[in-house]
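Colleague: I need the structure of the sequence given here:
(chains A and B)
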2 protein chains.
Amino acid sequence: MILCDIGNSNADFYQDGKVWSMSHKQFKEFSTQENVYYICVNDALKSWLQGRNHFIDLEPYFEFDTIYQGMGIDRIAACCTIEDGMIVDAGSAITVDIMSGGMHLGGFILPGLGAYEKCYASISPRLNLPVNPSIALDALPQKTNDAISYGVVKSIIMLLEVTCKDKRIFFLGGDGKFFSKFFSNAIFDRTLIFRGMLKTIKEAHLE
Amino acid sequence: MILCDIGNSNADFYQDGKVWSMSHKQFKEFSTQENVYYICVNDALKSWLQGRNHFIDLEPYFEFDTIYQGMGIDRIAACCTIEDGMIVDAGSAITVDIMSGGMHLGGFILPGLGAYEKCYASISPRLNLPVNPSIALDALPQKTNDAISYGVVKSIIMLLEVTCKDKRIFFLGGDGKFFSKFFSNAIFDRTLIFRGMLKTIKEAHLE
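Modeller: Residues are numbered from 1 along each chain as shown, chains lettered A, B, ... in the order given. Down below sits the predicted model:
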């Protein structure tokens, strides 16, 4: 049994505690004789996967109680394993969800670090600069490259801080490890979504 | 005498207390027999303006003391009129500068509201939604459109709040009036850049 979480940039795989990634292009060339339980937020790939041998869409098997409309299945998979806490998936987008007493209270979405970088470049060639995630946040910037890096990183950190209050924070996604360093109550867990998928497979008696 | 501030989206004009705007395209078709004192952050238009009759680049006449490297001339024009305060120009980008005792202490840059909107759309078709600036910030969002609007507006407001402390905030730019509503110590002044230009014209004895 292989698990696969297909996002907007990559497909992430899990098998027996091992985690690996593929580009969408590599994913389309991948084949296996094992069952692949997948979730997918990319509509084009979701259509492409319909009816493929050995590929089983896990989305219909999730039972998650929320009034949030249109919540991505990757967010549901991550949240369904957490009773209390803030879940931050920092990938192409940064999704933030709050769980309290097993209830989903809502969430919000920020652009991911790479998306911010492209965003500045689209405003002016003068802002076509790399975002430096290690920017110092305790001193006001004195040049353009620092000014955009500070804007991005500090605005994200401030919003996460006021939202989490004294809750534990679970970070995942490509930039999750980076953001987790700013918080003392943080846990970086790249297998969170896969644990949610395993829980659903077990509860639905699929294997 | 006409003043003109050319940004990345528009050219803003000022004459005798009246303010009006043109697109870059309209600006290229505009001609006058009066002197137009301009500042310009758009490099392509800056080259195009070189040597045009009646158009005088004010940039070389500004004397502004800062260690900030590559500060846009529009930010310098806005800051040079303020002794103490935070200056927020919310246009294509949101530039934020701190003045204290007539000294420029530094600043940072966030994307403008329109740039955030395009940024989300570039991540996923599911996030290709309008940013609603009037989103409620006191309740966690329960749908995607609210989730992106909340992410944008609250992350900007939080960072402005921690930066300004008890300083007065001067807002300008297309979205300046909107953001000024969140702060009790805010002044919206769309003529701030023009007042800086007038001050420079006077000090340099140009008219």
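
Colleague: can I see the domain layout of chain A?
Modeller: What automatic domain parsing lists as the domains of chain A is A:2-57, A:83-190.

Colleague: what would the ones you listed look like in CSV with mean neighbour count, distance to residue B:10 and mean pLDDT?
Modeller: Where C-beta positions appear, they are placed from N, C-alpha and C, glycine not excepted. Converted to CSV, the domains of chain A look like this (neighbours: other Cβ atoms under 10 Å in any protein chain shown; distance: least, Cβ to Cβ, whole Å; pLDDT from 0 to 100):
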stretch, mean neighbour count, distance to residue B:10, mean pLDDT
domain A:2-57, 15, 33, 94
domain A:83-190, 20, 13, 96
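
Colleague: Can you tell me how far the residue located most distally from the centre of chain A is from residue B:16?
Modeller: Distance from the C-alpha centroid of chain A peaks at residue A:142, with 32.4 Å (Cα atoms, centre = their mean). Noted for residue A:142: a distance of 37 Å to residue B:16, by Cβ to Cβ, to the nearest Å.

Colleague: mind listing what the residue farthest from the centre of chain A touches?
Modeller: B:67, B:68, B:69, B:106 (Cβ atoms under 8 Å, 6 or more residues apart in numbering or on different chains).

Colleague: which helix of chain A spans the most residues?
Modeller: helix A:144-164 (DSSP state H).

Colleague: Where do the strands of chain A begin and end?
Modeller: Taking DSSP state E as the criterion, chain A carries its strands at A:2-6, A:10-15, A:18-23, A:36-40, A:55-57, A:85-90, A:93-100, A:103-111, A:169-172, A:186-188.

Colleague: elements contacting the longest one?
Modeller: Packing contacts for strand A:103-111, counted by 3 or more Cβ pairs under 8 Å, 6 or more residues apart in numbering or on different chains; DSSP states H and E, involve strand A:93-100, helix A:144-164, helix B:113-123, helix B:144-164.

Colleague: what about the second one and chain B, any contact?
Modeller: Yes: counting by Cβ under 8 Å from any Cβ of the partner chain, chain B has neighbours in helix A:144-164: A:144, A:146-148, A:150-152, A:154-156, A:158-159, A:162.

Colleague: ok now that helix, how far from the chain's centre?
Modeller: Relative to its chain's centre, helix A:144-164 lies at 18 Å (Cα atoms, centre = their mean, to the nearest Å).

Colleague: which residues does the spatially most central residue of chain A bridge with?
Modeller: Nearest to the mean C-alpha position of chain A, by Cα atoms, centre = their mean, lies residue A:89 at 3.1 Å. For residue A:89, the beta-bridge partners are residue A:95, residue A:172 (DSSP bridges).

Colleague: list the contacts for it?
Modeller: Per Cβ under 8 Å, 6+ apart, neighbours of residue A:89: A:74, A:75, A:78, A:95, A:171, A:172, A:173, A:176, A:193.

Colleague: which one of these sits closest to chain B?
Modeller: residue A:95 (7.9 Å; Cβ to the nearest Cβ).

Colleague: these two touch, right, the closest one and residue A:68?
Modeller: No: contact criterion Cβ atoms under 8 Å: residue A:95 and residue A:68 do not qualify, at 11.0 Å.

Colleague: got any residues that touch both of these two?
Modeller: residue A:107.

Colleague: okay, the residues of helix A:144-164 next to chain B in TSV with distance to residue B:9 next?
Modeller: Shown next, in TSV, are the residues of helix A:144-164 next to chain B (distance: Cβ to Cβ, whole Å):
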residue	distance to residue B:9
A:144	18
A:146	24
A:147	19
A:148	18
A:150	23
A:151	19
A:152	21
A:154	25
A:155	22
A:156	25
A:158	27
A:159	26
A:162	31
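
Colleague: top of the contacts of residue A:142 by neighbour count?
Modeller: residue B:68 (22 neighbours; other Cβ atoms under 10 Å in any protein chain shown).

Colleague: roughly how far apart are the nearest residue to residue A:121 once chain neighbours are set aside and chain B?
Modeller: The shortest distance from residue A:121 to any non-neighbouring residue, by Cβ to Cβ, 6 or more residues apart in numbering or on different chains, is to residue A:128 (4.0 Å). Remark: distance between residue A:128 and chain B (Cβ to the nearest Cβ, to the nearest Å) = 12 Å.

Colleague: Can I get stretch A:188-207 in PDB? Just the C-alpha atoms.
Modeller: Extracted in PDB, the C-alpha atoms of stretch A:188-207 (Å, rounded to 0.1, in the frame of the first residue of the first chain):
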ATOM      1  CA  PHE A 188       7.100  20.000  12.400                       C
ATOM      2  CA  ASP A 189       5.500  16.800  11.100                       C
ATOM      3  CA  ARG A 190       5.700  16.100   7.400                       C
ATOM      4  CA  THR A 191       3.700  12.900   7.800                       C
ATOM      5  CA  LEU A 192       0.600  14.700   9.200                       C
ATOM      6  CA  ILE A 193      -1.500  14.400   6.000                       C
ATOM      7  CA  PHE A 194      -0.400  10.700   5.600                       C
ATOM      8  CA  ARG A 195      -1.500   9.900   9.200                       C
ATOM      9  CA  GLY A 196      -4.900  11.400   8.400                       C
ATOM     10  CA  MET A 197      -5.100   9.200   5.300                       C
ATOM     11  CA  LEU A 198      -4.000   6.100   7.300                       C
ATOM     12  CA  LYS A 199      -6.700   6.800   9.900                       C
ATOM     13  CA  THR A 200      -9.400   7.100   7.200                       C
ATOM     14  CA  ILE A 201      -8.200   3.800   5.500                       C
ATOM     15  CA  LYS A 202      -8.500   2.100   8.900                       C
ATOM     16  CA  GLU A 203     -11.900   3.600   9.800                       C
ATOM     17  CA  ALA A 204     -13.300   2.800   6.400                       C
ATOM     18  CA  HIS A 205     -11.800  -0.800   6.600                       C
ATOM     19  CA  LEU A 206     -10.200  -0.400   3.100                       C
ATOM     20  CA  GLU A 207      -7.200  -2.600   4.000                       C
END
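
Colleague: Which of the residues in that stretch are classified as buried?
Modeller: Of the residues in stretch A:188-207, A:188, A:189, A:191, A:192, A:193, A:194, A:195, A:196, A:197, A:198, A:200, A:201 count as buried by neighbour count, 16 or more other Cβ atoms under 10 Å in any protein chain shown.
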